[in-house]
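S.K.: Below is the sequence, then the predicted model.
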Amino acid sequence: MNRQKLRQRVFQHSEQILSEKGYVSPIDVLLKLERLTPKEVEDWRFKRTPHLERSMRGSLPSQNFVLKTIREFAQKKGLKPSFTFYKKWGKGPKQRLQFSKSGTKAIEERYATHYISK
């Protein structure tokens with residue numbers, strides 16, 4: 001899929017998610033784009049998968065483009081960025097979940113930022 005078509009789909013799904021939930025999260029958009037399945041997200045939330053990028057379909061540059069496009073959508077809609085702390089579900093200590101293999105702070109923040117209606 002070319003970037004123009006991907007951008008349109010990200011905007012379309014983001015609009016739909018915003019109207020349903022009142023906020024947009026990268027995970028919700030990636031689920032709508034079928035880059036992730038609910039089972040893969042659940043496995044990550046229970047820490048059966050070390051990082052979410054491992055389960056994603058598409059190249060890393062493509063995922064980065066999706067994240068940038070979500071941020072662009074949020075800016076155009078006047079949404080407020082809100083960092084969300086993702087922690088492990090289930091029993092045991094509540095550990096912070098990792099989105100990327102590298103664990104780079106900037107990348108982790110892009111995935112963990114929700115965009116909320118003001």
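M.R.: In hand now; what should we look at? Please read these numbers as outputs of a predicted model, since none were measured by experiment.
S.K.: So what's the gap between the helix or strand that contains Lys76 and the chain middle?
M.R.: Using DSSP states H and E, Lys76 falls within helix 60-77. With Cα atoms, centre = their mean, to the nearest Å as the basis, helix 60-77 stands 10 Å off its chain's centre.
S.K.: What segments of this protein are strands?
M.R.: 23-24, 80-83, 113-116 (DSSP state E).
S.K.: Most tightly packed of those?
M.R.: Ranked by mean neighbour count, the strands of the chain are led by strand 23-24 with a mean of 22 (mean count of other Cβ atoms under 10 Å). Quick note: C-beta positions are derived from backbone N, CA and C, even for glycine.
S.K.: looking only at pLDDT, what's the mean for that strand?
M.R.: Model confidence over strand 23-24, given as mean pLDDT, is 98.
S.K.: What is it packed up against?
M.R.: With contacts defined as 3 or more Cβ pairs under 8 Å, 6 or more residues apart in numbering; DSSP states H and E, the packing partners of strand 23-24 are helix 3-21, helix 60-77, strand 113-116.
S.K.: right, and these - which one's nearest Ile107?
M.R.: Nearest to Ile107, of all these, is helix 60-77, at 8.2 Å by Cβ to Cβ.
S.K.: buried stuff in the closest one?
M.R.: 63, 65-67, 69-71, 73-74 (16 or more other Cβ atoms under 10 Å).
S.K.: residues in contact with stretch 93-107?
M.R.: By Cβ atoms under 8 Å, 6 or more residues apart in numbering, the list of residues contacting stretch 93-107 from outside reads 44-45, 47, 50-54, 85-88, 108, 111-112.
S.K.: on that earlier part again, reformat the helices and strands packed on strand 23-24 into TSV and put distance to Pro38 next to each item.
M.R.: Shown next, in TSV, are the helices and strands packed on strand 23-24 (distance: least, Cβ to Cβ, whole Å):
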stretch	distance to Pro38
helix 3-21	14
helix 60-77	18
strand 113-116	18
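S.K.: Can you give me the distance of the residue nearest the centre of the chain to Gly90?
M.R.: Closest residue to the average C-alpha location of the chain: Pro26 at 2.2 Å, with Cα atoms, centre = their mean. The spacing between Pro26 and Gly90, counted by Cβ to Cβ, to the nearest Å, is 22 Å.
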